[in-house]
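Asker: Would you be able to build a 3D model of this:
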Amino acid sequence: MNTPLRTVGTPGDAKHLVVMLPGMAMRAEEMFEAGFADAVARRALPLDLLAVDVSGIGLESSDTWHALQDGLLTPERARRKSVWLGGISLGGLVAMAHVAERPDVVDGLCLLAPYPGSRPSVNVMDRAGGPDRWQPSEEDLRDPELRVWRWLQRPPPELPVFIGHGREDRFADRIQRVADRFPAAARHTVAGGHDWSAWLPLWEHFLDTGYFVD
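Answerer: Purely as a prediction, here's the structure:
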């Protein structure tokens, strides 16, 4: 049986929807408290925002993943012009993992300071000479973080992506390695660390990209 998801926000009837996954130990409500919905309202965009309570969502939490897919993304996509999936920090990594396992499931990705994976996982690629030279073994692919990096070797060029981080983020160098897997136009940096000082300006920049003006 699928694990029910708790979402924060009103689904509404806007043409577009962004479903955001919070980071580790982050409440879904924090996105609204930080001003994400207010930023949408100020721009009068035809866009709804939902944040998912990710308690129990991990890279191997299959029940919750099914609920995210079957209970939210699929039915919402059937009635919208576009549905984007995104996340902050660990939520960004989970969003990429979801798309890697389920191609064509959403219309775009919004990744705010996505966690780049643990050092042991990334070191596997470094020992092989980097992600372009790494040829994942069966053992490698038992690691869900490395399955994300397999997807990052050749992310689908047709999938719109917004990825950004703060220049003072403690993970900045490693996040940049993730960002470099996407086209230059998808990559963005702002002042700030691994916190709302960067995440809110990045979100506002994402809203101003023109994806939701119609």
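Asker: give me the number of residues near the closest residue in space to Val94 that isn't next to it in sequence?
Answerer: Spatial nearest neighbour of Val94, excluding adjacent residues (CB to CB, 6 or more residues apart in numbering): Leu21 at 5.4 Å. All C-beta atoms are positioned from the backbone trio N, CA, C, and that covers glycine. Per other CB atoms under 10 Å, the neighbour tally for Leu21 reads 25.
Asker: For Leu21, list each beta-bridge partner.
Answerer: When bridges are called by DSSP bridges, Leu21 pairs up with Gly87.
Asker: repeat for Leu47
Answerer: His16.
Asker: just checking, it touches Phe212?
Answerer: Yes - contact criterion CB atoms under 8 Å: Leu47 and Phe212 qualify, at 4.7 Å.
Asker: the strands in this protein, which residues?
Answerer: Listed in chain order, the strands of the chain (DSSP state E) span 7-8, 16-21, 47-52, 82-88, 108-112, 161-166, 187-190.
Asker: before we move on, the earlier item: joint contacts of Leu47 and Phe212?
Answerer: Counting by CB atoms under 8 Å, 6 or more residues apart in numbering, the shared contacts of Leu47 and Phe212 are 15-16.
Asker: end to end, how far does stretch 133-144 reach?
Answerer: End-to-end distance for stretch 133-144, by CA to CA, to the nearest Å: 19 Å.
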